[in-house]
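Student: Sequence and predicted model, in that order:
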Amino acid sequence: MSEGYTILSLDEVEAVSHRGSNLIPVRHTLGFRPAGVNAWIADAGGQLIPPHEEDSGNEELYVVVRGRATFTVGEEEADAPAGTLVFLKAGVHRTSVAAEDGTIVFVAGGSAGEAFNAGGWDSFAVAEGHRQAGRLDEGRAIMAELIAEKPDYWATHYNAGCWEALAGNSDAAFEHLRRAKELDAEGHSTEYFQGDSDLDPLRDDPRFQEFLA
Amino acid sequence: MNLAHIDELDAIELEDGFVWRPVRRHFGIQAFGTNAYAPGASGRIVEEHTEQTLGHEEIYLVLRGRVRFTVDGNDHELGPGQLVFVRDPSLRRGAVALTDDAAVLAVGGKPGEAHAVSAWEYAFLATPHMRAGRYDEARRHLHEGLEAKPGSAAILYNLACTEALAGESDKALDLLNEAVAADERFREYAQTDEDFASIRDDPRFPR
């Protein structure tokens, strides 16, 4: 195999937990850039796609690769055997649950009229997986890469702060969170500082007060 | 719910003997390129090609059956849930189905750019009509393509082929010269293209 291409088996990628589902981090693993691509795996009765809506302009195509899934979109429910494609635009609530063991749903997403710009939530989930498995160096390396890719994006610093808080490293956590607050001119982070349980390990520290002001 | 099984999508058999299922077009997806493929008469499932012109990164995911991919001269036999990600647009890639039920999903686009619908989608839609002598149907798809992608050399060239086959020599020559003016590579293609047999001796034919 050359540098120019990669072969990947979805079920050989280590799945990581994300919002009650098991994410196969395809985009993070491959470094694919034109669209957001990922997959979800679950046994019968398990949640495949975390219940959510997409932001304005986002289009998503879900593809049942293996097994069988039940999709719920708004009030509507549909049986989706392998080979089923479901296309959804922003603003509709969606989730899906596996109807057979080992079901895999692949998803591709992006915004019409815009170049794809990875938010990094999937890489963060991988870094979280490393942290939970005690592989702190590997997890921290991913957070450092995300920051290097987008040094001025507040949310990446915020996520790095969460990650260090959960890893028990409060000094590093506060450093990242301060940077996040500086960069977040529009104040998106305020509600997260108030309510995000990832930051619970820091809440009794006097230094936390500056983020609630 | 906007849902379809892959076997329910249009099945358009192309000249290389593979079947194109136009996923992007079916759903009206704008954000990225995506299509599915099945084997046709020749057993081919993914056309042998590079992405040099479009600069696309591509993922080919096997949804069903067994498929042998050839990428950069190397063979890889893949089954359901396995994919090949071709990062380098210059690498030659293609695939043949090893089982009749094989199905492959492709997702692609150019990194750092908003997705633009590819001209080849319109040419692929028109080709079966052109071959079957349904020239009005072929023209309809190609004119739709020109509206979406004004001045596209590939679409002008396919329209020139259609007009030549339909016996509209003047139109064919004008369109072919337009295609060559837009992209010089079509001059070379035209020299050996059998679709132009009826106009090749005309002094207006590009040499």
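Tutor: Good, I have the coordinates.

Student: tell me which element the closest residue in space to residue B:77 that isn't next to it in sequence is part of?
Tutor: In space, and not counting its chain neighbours, residue B:77 is closest to residue B:68: 5.0 Å by C-beta to C-beta, 6 or more residues apart in numbering or on different chains. C-beta coordinates here come from the backbone N, C-alpha and C atoms, glycine included. Using DSSP states H and E, residue B:68 sits within strand B:67-71.

Student: Point out the other helices and strands that that strand packs with.
Tutor: strand B:44-49, strand B:74-78, strand B:82-86, strand B:93-97 (3 or more C-beta pairs under 8 Å, 6 or more residues apart in numbering or on different chains; DSSP states H and E).

Student: before we move on, back to that, any idea of the pLDDT on the residue nearest to residue B:77?
Tutor: Looking at residue B:68, its pLDDT stands at 98.

Student: next one: residue A:179
Tutor: 96.

Student: my guess is it meets residue A:157, correct?
Tutor: Yes. Contact status for residue A:179 versus residue A:157: in contact at 4.3 Å, counting by C-beta atoms under 8 Å.

Student: Which one of these two is surrounded by more residues?
Tutor: The residue with more neighbours, out of residue A:179 and residue A:157, is residue A:157; 26 against 19, by other C-beta atoms under 10 Å in any protein chain shown.

Student: What count of nearby residues applies to residue B:169?
Tutor: The burial count for residue B:169: 16, using other C-beta under 10 Å.

Student: quick one: contacts of the lowest-mean-pLDDT helix or strand in chain A?
Tutor: Scoring the helices and strands of chain A by mean pLDDT, DSSP states H and E places helix A:190-195 at the bottom, with a mean of 93. For helix A:190-195, contacts defined as C-beta atoms under 8 Å, 6 or more residues apart in numbering or on different chains pick out A:158, A:177, A:181, A:199, A:211-212.

Student: In these, which residue is surrounded by the most others?
Tutor: Using other C-beta under 10 Å as the neighbour criterion, residue A:177 leads those with 27 neighbours.

Student: which residues touch that residue?
Tutor: Neighbour list for residue A:177: A:157-158, A:161, A:193, A:199, A:211 [criterion: C-beta under 8 Å, 6+ apart].

Student: Remind me which helix or strand it belongs to.
Tutor: helix A:170-183.

Student: Show me the shaky parts of chain A.
Tutor: Within chain A, the stretches with pLDDT under 70 are A:1-2.

Student: and it, what are its domains?
Tutor: In terms of domains, chain A is parsed into A:10-111, A:121-211 (source: automatic domain parsing).

Student: what about the ones you listed, which gets the closest to residue B:18?
Tutor: For residue B:18, the closest of the domains of chain A is domain A:10-111, at 17.6 Å, according to C-beta to C-beta.

Student: Just checking the distance from the least confident helix or strand of chain A to the centre of its chain.
Tutor: Helix A:190-195 sits 19 Å away from the centroid of its parent chain (C-alpha atoms, centre = their mean, to the nearest Å).

Student: With stretch A:173-193 instead?
Tutor: 19 Å.

Student: Helices along the chain, start to end?
Tutor: No chain in the question, so chain A it is. With DSSP state H as the criterion, chain A has helices at A:26-30, A:121-132, A:136-149, A:154-166, A:170-183, A:190-195.

Student: not quite, I wanted chain B
Tutor: B:23-27, B:119-131, B:135-148, B:153-165, B:169-182, B:185-192.

Student: Tell me which of those is the most buried.
Tutor: For the helices of chain B, the largest average neighbour count (mean count of other C-beta atoms under 10 Å in any protein chain shown) is found in helix B:153-165, namely a mean of 25.
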